[in-house]
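Enquirer: just coords:
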């Protein structure tokens, strides 16, 4: 059996999304910046997709800017906000995605900002009282905190953070790459200035995403060379990617309740099966809390063993695809910076399993059985 449980890294393309994209791959090939009929037809399709996304998020079309994905969007918002509003302090956490962490570290190294990390509790949740302390101490800051952690699934109370940022006149940016398409975001109610998305996290194509920029907090552009994307990002648009992104998000909002119920059932089943089948199992962060974590992610903590480093390899041999952390850090030998920040010195093993609407109970049962065999064989050999 082949089992794919690495949906937090990327999701399979929805066939309905592919059908929406296909005409713009084969027939409607005009440059959207051209004024002739071929170009106008494509331009209309892009703007239709932008309007659809804006409707779903309850914002204006002009606040949606298409990008190559979440990483570019995070970089653009952070750099743009700091430059535009002459921000000198950045408040973040040590467990953000590297698209945020590395960007802020570069800006700190260049002397453009002072970087401050908010305190976390024992599960990796942001301590909001510490955030408020920092906001009082460092006026005119940018706060960059992700909605849903990509490794441990912890959820941020975005509404409370947005209220604090509004109270202390801070620019609030949130990486919503993992939660977009899985939760509804009402941007008329949420006081956020910038957020980000990547289509391939919710059954859209790779290489396309968007950033939301609040119209009252516009930032300077990062990519020059053309007037595309409201003069915010020069360059010919990824037309079929944009079409696919809009269709994928539309499907997510249309079927969100159904998909959430299905995935939560799978996650609960896996937690229960693991607890009953694998001695010494536990879970990292809040990922096993069905009420307080991203329902698509479960980060499993295995008892200390010298063979934990082979866990992913052994699962792969059994046809099971999972992750030890963020796929964006694959090839790194330093381990998970997220788990390192929350559990310093821990030698327990970690595997992130992440689910989608296409996973089944049979796949979960097969996966748990192979985990139990692997851990059981390690215990016999000890």
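Expert: All right, it came through fine. All values derive from a computational prediction rather than experimental measurement.
Enquirer: buried residues in stretch 364-372?
Expert: Buried residues in stretch 364-372, defined by neighbour count with 16 or more other CB atoms under 10 Å: 364, 366, 367, 368, 370, 371, 372. For the C-beta atoms, the positions are set from N, CA and C on the backbone; glycine is no exception.
Enquirer: Just the buried positions in the helix or strand containing residue 340, please.
Expert: For residue 340, the enclosing helix or strand under DSSP states H and E is helix 337-342. Buried positions in helix 337-342, judged by neighbour count with 16+ other CB under 10 Å: 337, 338, 339, 342.
Enquirer: just checking, the third one touches residue 349?
Expert: Read it as residue 339. No: applying CB atoms under 8 Å as the test, residue 339 and residue 349 come out as separate, 10.3 Å apart.
Enquirer: So what pairs up with residue 142 in the strands?
Expert: Under DSSP bridges, the beta-bridge partners of residue 142 are residue 90, residue 171.
Enquirer: so where do the helices sit in this structure?
Expert: Remark: helices assigned in the chain by DSSP state H are 15-26, 37-57, 70-84, 98-109, 128-137, 158-167, 228-231, 239-277, 311-317, 337-342, 361-381.
Enquirer: so what are the domain limits for the chain?
Expert: Domain ranges of the chain: 3-10+256-381, 15-251, per automatic domain parsing.
Enquirer: I'd like to know which of the buried residues of stretch 364-372 is nearest to residue 191.
Expert: residue 364 (38.6 Å; CB to CB).
Enquirer: show me what contacts residue 104?
Expert: 78, 90, 92, 113, 115, 144 (CB atoms under 8 Å, 6 or more residues apart in numbering).
Enquirer: Try it again at 10 Å.
Expert: Applying CB atoms under 10 Å, 6 or more residues apart in numbering, we find residue 104 in contact with 74, 78-79, 82, 90-92, 96, 112-113, 115-117, 142, 144.
Enquirer: Against residue 93, how distant is it?
Expert: Residue 104 sits 10 Å away from residue 93, taking CB to CB, to the nearest Å as the criterion.
Enquirer: Can you check which residues contact both of those two?
Expert: What both residue 104 and residue 93 touch, as defined by CB under 10 Å, 6+ apart, is the set 116, 117, 144.
Enquirer: looking at those, which has the most residues close by?
Expert: residue 144 (26 neighbours; other CB atoms under 10 Å).
Enquirer: how near is that residue to residue 81?
Expert: 9 Å.
Enquirer: Find the residues that touch each one of the two.
Expert: Joint contacts of residue 144 and residue 81 (CB under 10 Å, 6+ apart) are 90, 171, 172, 173, 194.
Enquirer: with these in mind, which one is nearest to residue 54?
Expert: Taking the shared contacts of residue 144 and residue 81 together and measuring to residue 54 by CB to CB, the closest member is residue 194, at 15.0 Å.
Enquirer: excluding its backbone neighbours, what's nearest the closest one?
Expert: Using CB to CB, 6 or more residues apart in numbering and skipping the chain neighbours, the partner closest in space to residue 194 is residue 77 (3.9 Å).
Enquirer: what sits against the one you found?
Expert: Applying CB under 10 Å, 6+ apart, the residues near residue 77 are 65, 67, 100, 103, 142, 144, 171, 173-175, 193-196, 211-213, 217, 219, 222.
Enquirer: redo that, cut-off 6 Å
Expert: Counting by CB atoms under 6 Å, 6 or more residues apart in numbering, residue 77 makes contact with 173, 194, 211.
Enquirer: what does the model give the last one for pLDDT?
Expert: It refers to residue 211. pLDDT, residue 211: 98.
Enquirer: Surely residue 7 and residue 358 touch.
Expert: No: Residue 7 lies out of contact with residue 358 (CB atoms under 6 Å); the separation is 8.4 Å.
Enquirer: picking up where we left off before, what is the nearest of the buried residues of helix 337-342 to residue 48?
Expert: Distances from residue 48 to these, taken by CB to CB, are shortest for residue 338, at 38.1 Å.
Enquirer: Give me the distance between the closest one and residue 344.
Expert: 12 Å.
Enquirer: next one: residue 116
Expert: Taking CB to CB, one finds residue 116 at 19 Å from residue 344.
Enquirer: Kindly report the same for residue 68.
Expert: For residue 68, the distance to residue 344 - CB to CB - is 34 Å.
Enquirer: Neighbour count: these two, which is higher?
Expert: Set side by side, residue 68 and residue 344 show more neighbours around residue 68, with 17 against 7, by other CB under 10 Å.
Enquirer: State the phi and psi torsions of the nearest residue to that one once chain neighbours are set aside.
Expert: Spatially, and ignoring its direct neighbours in sequence, residue 68 is nearest to residue 207 (5.8 Å; CB to CB, 6+ apart). Main-chain dihedrals, residue 207, degrees, to the nearest 10: phi 80, psi 20.
Enquirer: what about residue 207, how many neighbours?
Expert: 15.
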